[in-house]
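Enquirer: predicted model and sequence follow; I will ask about them next.
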Amino acid sequence: MKPLDPRLVRYARSSRAYILATTAAGIATTALVVAQVLLIARIIAPVVDGTATITQVGPLLPWLAAVLAARVAVIVLQERFAHRSATAVIAELRGKVLDHAIAQGPRWLDASRAAEIVTLTTRGLDDLTPYFVRYLPQLLLAATLTPATLVVVYAMDLTSGLILTFAVPLIPLFMWLVGRLTEAWTTRRLALMDRLGGQLVDLLAGLATLKALGRERGPGRRVRVLAEAYNATTLSALRIAFLSGAILEFITSLSVALVAVVVGMRLVFGDLDLATGLAAIMLAPEVLQPLRGVGSHFHASANGVAAASGAFAILDLPTAPRGTRPAPPLGEATIELRGVSVRAPGRDVLAPAALDAVIPPGSITALVGESGSGKSTTALLLLGLLQPDEGRILIRHGDDEVDLATVDPGALQEQVTWVPQRPTILPGTLLQNVLGAFDDPEPPDALEHAARLCGFAPVVAGMPEGWQTRVGHGGVGLSVGQRQRLALTRALLSDTGLVVLDEPSAHLDAATEENVIAAIRALHAQGRTVVVIAHRASMIEIATHQVVVTARSLAVAP
């Protein structure tokens, strides 16, 4: 990422106001610094050389106090606005990265990328705060304060201006040399953080299974090794940061000392008046301070800059054009697949291949076929999460015929309930997971009726706090069958016209399977269209329609 990457302004609109405000603060700071130095020189010099008394320079003191107060006010306001802007920009980038990653589809967002996105949008982007609060203001000051004060020094004393002109390029030069070394460490640190985050996400997701098998200590040791490597890399980057800070301080101090020595010698020989000499000495550190600040804060912001580059890499990925048409009522519409084919990722196979099917409204349609034939892919097509490589999916409602590719995905998904093999269950109470944490509660009779139909009512009755019993991420605290029944209860309470279930009876015993079948029949009785991916004969038997899904190798001619 560049010091001020244009993509930051493009993707985070809230950064525009901050950059303008910080630029204005830099200009104001420049004017106040010059005014402060000139006032101090005009107050001290006449008193020291005896050309004026304290009483005579007294009227300048209130002006100096006002300038100092204004400078403090500018710093406080800029700092406060920087923290707020950093929070707003990070939140905006985080939301856009998540939305863009989801828009890439479930196949792009696999398990490894999901862990990378989690790390990037949490700890990674949080590191942008030092960039906004410390680094960027210093960068803008270096673009305003340094040249402006250098011009003032030249106007007052040519010799001091030449000394500072020679010293100014040395700071960016050493910053570049140290930055090249830091870049490798920063990239390595971010990669280790991604790996560590991925390991932790996988470990937390499978902790219950690992604990049941007595294998929870093995991954823990691996995470410990990664954590130690991350710590070692971080300490190495800190050592480089301290070294570069010392180098910049040495160059700055040497340059200011050189100006002071030359000014002092010229004052002794009478080649310079005291007011000009004092002003030159006081302006010398102000010329170099922004550049020194850029160098010292560069390392604190390097991690955030690297994370922002990762975010921009995701945001730069192209996305398929989104439809804009409203979705017809799916519960009353016929869904037709015409010659639909999707290329399987990593294989020269079409799965499904040239699929022709009709899903009538209010039916139970079973997707059947061999493993790998593309049944789950067909379900993702119906959900609008994938687009076919060939063919079309049409929605017919009355005399209207709409291509699914032209329908707004958000409007489509509002009418669809998706029940995967592993339902999404968030940390919270059973009631929150069924009704939604922010929704108004359903009438108790509707909730209890849905729970009884799905066989979830006995599960709730056996819980210590009933519907208020808390479960962990992914449904920790519930068995596989109980999680499935919770998801079906949630589907029964929804009002969507299309319900898609991915092998809802997989890994379930016969008794639990009966509850699932009862729930599917209840969904059908509500007049909703149900599409179920089925392997077991019991699931296929309850279907009113069947769609056979097949795959085809691209190496074989059709």
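Expert: Yes, it's here.

Enquirer: next secondary structure element downstream of the helix or strand hosting residue 19?
Expert: Residue 19 is part of helix 14-49, with elements assigned from DSSP states H and E. For helix 14-49, the following helix or strand on the C-terminal side (DSSP H and E) is helix 54-57.

Enquirer: nearest residue to residue 75 in space, ignoring adjacent ones along the chain?
Expert: The spatially closest residue to residue 75, leaving aside those adjacent along the chain, is residue 29, at 7.7 Å (CB to CB, 6 or more residues apart in numbering). C-beta: built from backbone N, CA, C; applies to glycine.

Enquirer: how close does that neighbour get to residue 372?
Expert: 65 Å (CB to CB, to the nearest Å).

Enquirer: looking at the two, which is more packed in?
Expert: Between residue 29 and residue 372, counted using other CB atoms under 10 Å, the more crowded position is residue 29 (23 against 13).

Enquirer: now the strands for the stretch 201-350 of the chain?
Expert: Counting by DSSP state E, counting those that start in this stretch, the stretch 201-350 of the chain has these strands, from start to end: 334-341, 349-350.

Enquirer: now do the buried residues in the next helix or strand after the shortest one.
Expert: Toward the C-terminal end, the helix or strand that comes next after strand 349-350 (DSSP H and E) is strand 355-359. With burial defined by 16 or more other CB atoms under 10 Å, the residues of strand 355-359 counted as buried are 355, 357, 359.

Enquirer: would you turn those into CSV with pLDDT?
Expert: Shown next, in CSV, are these (pLDDT from 0 to 100):
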residue, pLDDT
355, 90
357, 91
359, 92
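
Enquirer: just give me the closest of these to residue 69.
Expert: Set against residue 69, the nearest of the buried residues of strand 355-359 by CB to CB is residue 359 (73.3 Å).

Enquirer: can you pull the pLDDT of the residue nearest to the closest one when sequence neighbours are not counted?
Expert: Closest residue to residue 359 in three dimensions, ignoring its sequence neighbours and counting by CB to CB, 6+ apart: residue 335, at 4.2 Å. We have a pLDDT of 91 for residue 335.

Enquirer: returning to that earlier point: quick one: residues contacting the residue nearest to residue 75.
Expert: 71, 74-75, 141, 144-145 (CB atoms under 8 Å, 6 or more residues apart in numbering).

Enquirer: in strands, which of those appear?
Expert: Taking DSSP state E, every one of these sits outside strands.

Enquirer: just the buried ones from these, in PyMOL syntax?
Expert: The PyMOL selection below is limited to those of the contacts of residue 29 classed as buried (16+ other CB under 10 Å):
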select buried, resi 71+74+141+144+145
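
Enquirer: now the contacts of residue 29 as a markdown table including pLDDT?
Expert: What follows is the contacts of residue 29, written out as a markdown table (pLDDT from 0 to 100):
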| residue | pLDDT |
| --- | --- |
| 71 | 90 |
| 74 | 91 |
| 75 | 88 |
| 141 | 81 |
| 144 | 81 |
| 145 | 82 |
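
Enquirer: adding distance to residue 455, write the contacts of residue 29 out as JSON lines.
Expert: Shown next, in JSON lines, are the contacts of residue 29 (distance: CB to CB, whole Å):
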{"residue": "71", "distance to residue 455": "71"}
{"residue": "74", "distance to residue 455": "67"}
{"residue": "75", "distance to residue 455": "65"}
{"residue": "141", "distance to residue 455": "67"}
{"residue": "144", "distance to residue 455": "70"}
{"residue": "145", "distance to residue 455": "72"}
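
Enquirer: I figured residue 134 hits residue 294, correct?
Expert: No. Using CB atoms under 8 Å, residue 134 makes no contact with residue 294, being 9.5 Å away.

Enquirer: looking at the two, which one has more neighbours?
Expert: residue 294 (26 against 19).

Enquirer: residues contacting the residue lying closest to the more buried one once chain neighbours are set aside?
Expert: The shortest distance from residue 294 to any non-neighbouring residue, by CB to CB, 6+ apart, is to residue 138 (4.8 Å). For residue 138, the contacting residues are 290, 293-294, 297, by CB under 8 Å, 6+ apart.

Enquirer: okay, now the unreliable bits of the stretch 401-550 of the chain?
Expert: Within the stretch 401-550 of the chain, the ranges that satisfy pLDDT under 70 run 436-444, 507.

Enquirer: would you list every one of the helices in it?
Expert: 409-413, 430-435, 444-454, 457-461, 480-493, 510-525, 537-541 (DSSP state H, counting those that start in this stretch).

Enquirer: swap in the stretch 51-200 of the chain?
Expert: Using DSSP H, counting those that start in this stretch, helices in the stretch 51-200 of the chain cover 54-57, 60-103, 111-119, 125-126, 128-130, 136-156, 158-167, 170-205.

Enquirer: buried residues, stretch 500-516. List them.
Expert: Using 16+ other CB under 10 Å as the test for burial, stretch 500-516 gives 500-506, 508, 512-513, 515-516.

Enquirer: which residues touch it?
Expert: 376, 379, 382-383, 416-421, 454-456, 480-481, 484-485, 488, 491, 517, 520, 530-536, 538-539.
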